[in-house]
Structures are given as C-alpha cells and as structure tokens.
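Trainee: Just the structure for this:
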Amino acid sequence: MFEKRSKIDITFMVLFILSLIFMYVTMSSV
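Mentor: Below is the predicted model:
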C-alpha cells in the first residue's frame, strides 16, 4: 500500500512538472 501511494505521488509530481514545462514553452512561443 505504501509503495503504491508513493508511486501515485510521483506520478502526480511528474504530471505537474510536465504541465509547468508545457505552459512555459507555450508562453515562450508566443
């Protein structure tokens, strides 16, 4: 259970970072 939870937390962190990068690239393009 603990491992599964930590895995989910890591997944959300990666998604959050990817979204930030995407926003940054979009702002830079414009």
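Trainee: show me where this protein has helices.
Mentor: Applying DSSP state H to the chain gives helices spanning 2-29.
Trainee: low-confidence ranges in it?
Mentor: Flagging of the chain using pLDDT under 70 yields the residue ranges 1-3.
Trainee: who's in contact with residue 22?
Mentor: For residue 22, no residue counts as a contact, taking C-beta atoms under 8 Å, 6 or more residues apart in numbering as the criterion. In this view, the C-beta of every residue, glycine as well, is placed from N, C-alpha and C.
Trainee: Tally up the residues packed near residue 11, please.
Mentor: 10 (other C-beta atoms under 10 Å).
Trainee: I should have written residue 8 there, sorry.
Mentor: Residues lying near residue 8 (other C-beta under 10 Å) number 10.
Trainee: Now for residue 23, how many residues are close by?
Mentor: Number of residues near residue 23 (other C-beta under 10 Å) recorded here: 10.
Trainee: That one and residue 6: what is the separation?
Mentor: As judged by C-beta to C-beta, to the nearest Å, residue 23 and residue 6 stand 26 Å apart.
Trainee: One more: residue 30?
Mentor: Taking C-beta to C-beta, one finds residue 30 at 37 Å from residue 6.
Trainee: more crowded one of these two?
Mentor: Here residue 30 and residue 6 are compared on neighbour count by other C-beta under 10 Å; more neighbours surround residue 6, at 10 against 5.
Trainee: do you know how far the more buried one is from residue 15?
Mentor: Distance from residue 6 to residue 15, counting by C-beta to C-beta: 15 Å.
Trainee: What of residue 21?
Mentor: 11 Å.
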